[in-house]
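Chemist: coords please:
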Amino acid sequence: MQGFRPTRSTLHNLIRYSLRVKDWNIIWLLCDDFGKFNAYPDASSCCSLISSCIRAKRFKLADNLLPVLKFEKEVAVLSFNAAIRSYNKLHMYSSAVKVFDIMVSSHMQLDGECYGRTMEAYLKMGMNEKVVSLFKEFESSKVEWTPFCSQIYRILCESLAKTGKSFQALDYFREMINKGFQEDPSFYVILISSFVSVRDVKMVESLLEEAEGKKMLRDPAVFLKVVLMYVELGLLENTLDVVSSMKRVNIKVSDCIFCAIVNGYSKKRWLGVYDKAEEVFREMDNKGFDKCVVAYSSMIAMYGKVNRIRDAMRLLARMKERGVELNGWIYNSLLDMHGKVLNLKQVEKIAKVMKRRKVVLDFIGLWWDLCGVFSKICRWMKLWLLQVEDEGTGLDARLYRSSLNALRDAGVYIQVKWLEESFDPSL
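Modeler: As a prediction, the model looks like this:
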């Protein structure tokens, strides 16, 4: 019909119907009609159209729509932003960057969102230098600063943090606050995690205190990272301060944090440290974390170090009552503990249980730990050597010599001859 020009409401209804019934052929025809009649739908319809095409993986259709919509200034930027956002959601970050490049080459009026979404795409691709350069381009442009700029600063801080530029990230964070943009808990997660990675204890504690004062501490994962840092640096007393901080901000202390603290204390040997481990373990137990095999393993290993066998066995009995399945670490701790006091019957009993339950044994490491014990009774040594042979585990030169020396010290030269004939240390 001559002079016919569809109205926006007509186009809106056609788009809405086509998307509902997923009739992509109609949308292809509509795409041609936009240019033909110089009629375009409103911004929300264009955004919905682009997003739906990309979400349905109709990428050719989206690629055909964008060059048409870029000539309509009213909807162009919003449509392209919708495309970048949709590609990011599908993890198609290189496609998102291509859309941004089209915007730049077409001399479109860029806004904060298209910069932010493209910076996010570069961040996900690990191109951190591009993130910084794009931010500087945005900063030097005459683009209006909107509340979305907080998101841009967050992406920038995360990018700098990943490259180890923690103080630079902190400077940009302070700059953002000075400009009047609102911070959120994610900024403190990024900054604290960054300073944890470089083991800057002073800055970590300062940021934790600041975030707690602003009620910005909400992510339990941050506390776990801080606890692990303290454990690694041997600052175990500070781990209890982290637990206190979590209680003050009403964040539940997880079993992972308790386990990390118990494990840290159990590995130390100075006076009173084992009491602290027991104290944390009891608190963990009282809060209902009574099935954490890692914590049990650490406590049993700790009891073994100080020859508190009865405490270890009581803890083992409690594990069985609560249905906690023993792992290889616990079995090995028990073997080591009983081996030290020459309780050979228990060693043999535990070894048989391990074999019956098909628990993976580190035969070489275990043999090295118990070689001195087994040398006291030669038949035990032969039994373990045979088991090593049955499992197809070879003896290295060091363990081979250790075995020979133990048998020679015991004065059993028949076993020495048997060992020399049965094992080849060069294999």
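Chemist: how about Gly126, phi and psi?
Modeler: phi 80, psi 10 (degrees, to the nearest 10).
Chemist: run a quick neighbour tally on it.
Modeler: 13 (other Cβ atoms under 10 Å). In short, each C-beta sits where N, CA and C put it, glycine included.
Chemist: now for the chain, the helix or strand with the poorest mean pLDDT.
Modeler: Sorted by mean pLDDT, DSSP states H and E, the helices and strands of the chain end with helix 363-374, the least confident at a mean of 50.
Chemist: pull the residues that contact the host helix or strand of Ala169.
Modeler: Assigned by DSSP states H and E, Ala169 falls within helix 166-178. Helix 166-178 has contacts (Cβ atoms under 8 Å, 6 or more residues apart in numbering) with 149-150, 153, 156-158, 160-161, 183, 187, 190-191, 194-195, 197-198, 200, 203.
Chemist: return the subset of those residues lying in helices.
Modeler: In this view, those that belong to helices under DSSP state H are 149-150, 153, 156-158, 160-161, 187, 190-191, 194-195, 197, 203.
Chemist: and the residues you listed, which is closest to Val353?
Modeler: Within the ones in helices among the contacts of helix 166-178, the smallest distance to Val353 is 41.8 Å, found for Ser197 (Cβ to Cβ).
Chemist: name the nearest residue to that closest one, ignoring sequence neighbours.
Modeler: Nearest non-adjacent residue to Ser197, counting by Cβ to Cβ, 6 or more residues apart in numbering: Gly164, 7.4 Å away.
Chemist: per-domain residue ranges of this protein.
Modeler: With domains defined by automatic domain parsing, the chain comprises 1-109, 254-361, 375-427.
Chemist: distance from the helix or strand harbouring Arg314 to the middle of the chain?
Modeler: Element membership for Arg314 (DSSP H and E) is helix 309-321. Distance of helix 309-321 from its chain centroid, counting by Cα atoms, centre = their mean, to the nearest Å, is 33 Å.
Chemist: and the angle for whichever helix or strand comes after it with helix 309-321?
Modeler: Heading C-terminal from helix 309-321, the first helix or strand you meet, by DSSP H and E, is helix 328-340. In terms of direction (axes from the mean of the first three to the mean of the last three Cα atoms, to 10 degrees), helix 328-340 departs from helix 309-321 by 150 degrees.
Chemist: let's see the pLDDT reported for Ile309.
Modeler: With respect to pLDDT, Ile309 scores 81.
Chemist: buried set for stretch 80-100?
Modeler: Neighbour counts using 16 or more other Cβ atoms under 10 Å place 80-88, 92-93, 95-100 of stretch 80-100 among the buried residues.
Chemist: next, the distance between the ends of that stretch.
Modeler: One end of stretch 80-100 to the other measures 8 Å (Cα to Cα, to the nearest Å).
Chemist: now that stretch: how far from the chain's centre is it?
Modeler: Distance, centroid of stretch 80-100 to centroid of chain: 25 Å (Cα atoms, centre = their mean).
Chemist: which residues does that stretch contact?
Modeler: Contacts of stretch 80-100 (Cβ under 8 Å, 6+ apart): 46-48, 50-51, 54-55, 57, 59, 62, 66, 69-70, 102-103, 108, 111, 113-114, 117-118, 120-122, 124-125.
Chemist: which of those are buried?
Modeler: 46-48, 50-51, 54, 62, 66, 69-70, 102-103, 108, 111, 113-114, 117-118, 120-122.
Chemist: element containing the closest residue in space to Cys256 that isn't next to it in sequence, please.
Modeler: Leaving aside its sequence neighbours, Cys256 sits nearest to Leu224 (Cβ to Cβ, 6+ apart; 5.7 Å). Using DSSP H and E, Leu224 sits in helix 220-233.
Chemist: list the contacts of the next helix or strand after that helix.
Modeler: Following helix 220-233 in sequence order, the next helix or strand is helix 236-248 (DSSP H and E). With contact meaning Cβ under 8 Å, 6+ apart, helix 236-248 is reached by 201, 208, 212, 217, 220, 223, 226-227, 230-231, 252-253, 257, 260-261, 264-265, 268, 273, 276, 280.
Chemist: and helix 236-248, C-alpha only, in PDB?
Modeler: Below are the C-alpha coordinates for helix 236-248, written out as PDB (Å, rounded to 0.1, in the frame of the first residue of the first chain):
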ATOM      1  CA  LEU A 236      47.400 -18.500  64.900                       C
ATOM      2  CA  GLU A 237      46.200 -16.200  67.700                       C
ATOM      3  CA  ASN A 238      44.900 -13.900  65.000                       C
ATOM      4  CA  THR A 239      42.600 -16.600  63.600                       C
ATOM      5  CA  LEU A 240      40.500 -16.500  66.800                       C
ATOM      6  CA  ASP A 241      40.100 -12.700  66.200                       C
ATOM      7  CA  VAL A 242      38.700 -13.500  62.800                       C
ATOM      8  CA  VAL A 243      36.100 -15.900  64.400                       C
ATOM      9  CA  SER A 244      35.200 -13.100  66.900                       C
ATOM     10  CA  SER A 245      34.800 -10.700  64.000                       C
ATOM     11  CA  MET A 246      32.400 -13.100  62.200                       C
ATOM     12  CA  LYS A 247      30.300 -13.400  65.300                       C
ATOM     13  CA  ARG A 248      30.100  -9.600  65.600                       C
END
